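> No letters, just coordinates:
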């Protein structure tokens, strides 16, 4: 299931509407990432691990990432470019749990 998720995660950039503003693209990418994460967890055979991931690596709201990157000094377009970029990267710790390096 993780391979399925990683495939979809990496292809988010190809699914967003490039005619939108950078902020709207970031919102769209964030939405897709959460959607794929939720779908992957629903499809997991190991329900205990899926519940663990839901609890310890849950979907966070878009505003969380806006605030996170604002505190790191990003602003304007660079803030939304950072969110957009982060939306297409898989969590290395979770990949390691699944034996994907």
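Arrived safely, thanks for sending. All figures in this text were calculated on a predicted structure; none of them were measured in a lab.
> what's the longest helix in this structure?
In terms of residue count, the longest helix belonging to the chain (DSSP state H) is helix 22-43.
> ok, and for that helix, which residues are buried?
Neighbour counts using 16 or more other Cβ atoms under 10 Å place 22-23, 25-30, 32-34, 36-37, 40-41 of helix 22-43 among the buried residues. Any C-beta I mention is one placed from the backbone N, CA and C, and that applies to glycine too.
> before we move on, what about stretch 68-77?
For stretch 68-77, a neighbour-count test (16+ other Cβ under 10 Å) marks 69, 74 as buried.
> what mean pLDDT would you report for it?
In this model, stretch 68-77 carries a mean pLDDT of 96.
> Tell me where the chain has helices.
Going by DSSP H, the chain shows helices at 2-10, 12-15, 22-43, 47-56, 62-71, 76-86, 92-97.
> who are the neighbours of the last one, in terms of helices and strands?
By that I understand helix 92-97. helix 2-10 (3 or more Cβ pairs under 8 Å, 6 or more residues apart in numbering; DSSP states H and E).
> can you list the residues that contact the helix or strand of the chain with the lowest mean pLDDT?
Here the helix or strand of the chain ranked lowest by mean pLDDT, DSSP states H and E is helix 92-97, holding a mean of 80. Residues from elsewhere that reach helix 92-97 (Cβ atoms under 8 Å, 6 or more residues apart in numbering): 2, 6, 49, 53, 57, 101.
> Max pairwise distance over the buried residues of helix 22-43: which two?
For the buried residues of helix 22-43, the farthest-apart pair by Cβ to Cβ is 22 and 41; their separation is 28.8 Å.
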